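1. How does the following fold in three dimensions:
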Amino acid sequence: MVAAAHSGLRSTEDQTGRMLTVVRAPGVHVLGHPRGRQRGNRAGIVADWDRVFRAAAESGVAIEIDGQPFRQDLDFELARRARDAGCLFALDSDAHAVEELVYSDIALAHARMADLPADRIVNCWPLDRLESWLAERKAGLGG
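-> Numbering: from 1, shown residues only. Next comes the predicted model:
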């Protein structure tokens, strides 16, 4: 399951607690577009991201890198911090139409700029490893 905030995205109040609840929830596989930002429209969620990333790493929840040009969420700088916390990642185009599938290249570019190892990107895993991780997260067993 992908969990993503779809409310409170313009709030300037700290939402660390909310994000911690999500990454610690049984059955959550991926924290989708974590900040919920949109370039030129909203800055996105304010949180202690290092703390959120540590909790995600402990829980085995992957952090999405969304390649949609107006999101680019996480950007490579925050992705590095998530990498340093031990996070897994899921690369995504956030495509809502076939022609937007190319946005996955932007997610890949951010992953490369953040120097993410392929073994921490769930999209790069062999099927058996991916299925095992999905089953563990679904059962709420963590990472």
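
2. The lowest-mean-pLDDT helix or strand in the chain - which strands sit beside it in the sheet, and in what orientation?
-> In the chain, the helix or strand scored least confidently by mean pLDDT, DSSP states H and E is strand 2-3, which has a mean of 84. Paired neighbours of strand 2-3 in the sheet (DSSP bridges): strand 30-31 (parallel).

3. who does the helix or strand following the partner strand touch, helix- and strand-wise?
-> Towards the C-terminus, the helix or strand next in line after strand 30-31, according to DSSP states H and E, is helix 49-59. Where contact means 3 or more Cβ pairs under 8 Å, 6 or more residues apart in numbering; DSSP states H and E, helix 49-59 is packed against helix 16-24, strand 62-66, helix 76-85. C-beta: built from backbone N, CA, C; applies to glycine.

4. Just want the angle from helix 49-59 to strand 62-66.
-> Between helix 49-59 and strand 62-66, the angle comes out at 130 degrees (axes from the mean of the first three to the mean of the last three Cα atoms, to 10 degrees).

5. Please tell me how far the nearest residue to residue 94 once chain neighbours are set aside sits from residue 122.
-> Of all residues beyond its chain neighbours, the one nearest residue 94 is residue 68 (3.8 Å), with distances taken as Cβ to Cβ, 6 or more residues apart in numbering. In this structure, residue 68 lies at 19 Å from residue 122, with Cβ to Cβ, to the nearest Å as the measure.

6. Also residue 48?
-> Using Cβ to Cβ, one gets 24 Å for the distance from residue 48 to residue 122.

7. which of those two has more neighbours?
-> For residue 48 and residue 122, the more surrounded residue by other Cβ atoms under 10 Å is residue 122, and the numbers stand at 18 against 14.

8. ok so residue 91 is a helix residue?
-> No: per DSSP: H, G, I helix; E, B strand; the rest coil, residue 91 lies outside any helix segment and is strand.

9. count of neighbours near it?
-> The local packing count at residue 91 equals 22, with neighbours defined by other Cβ under 10 Å.
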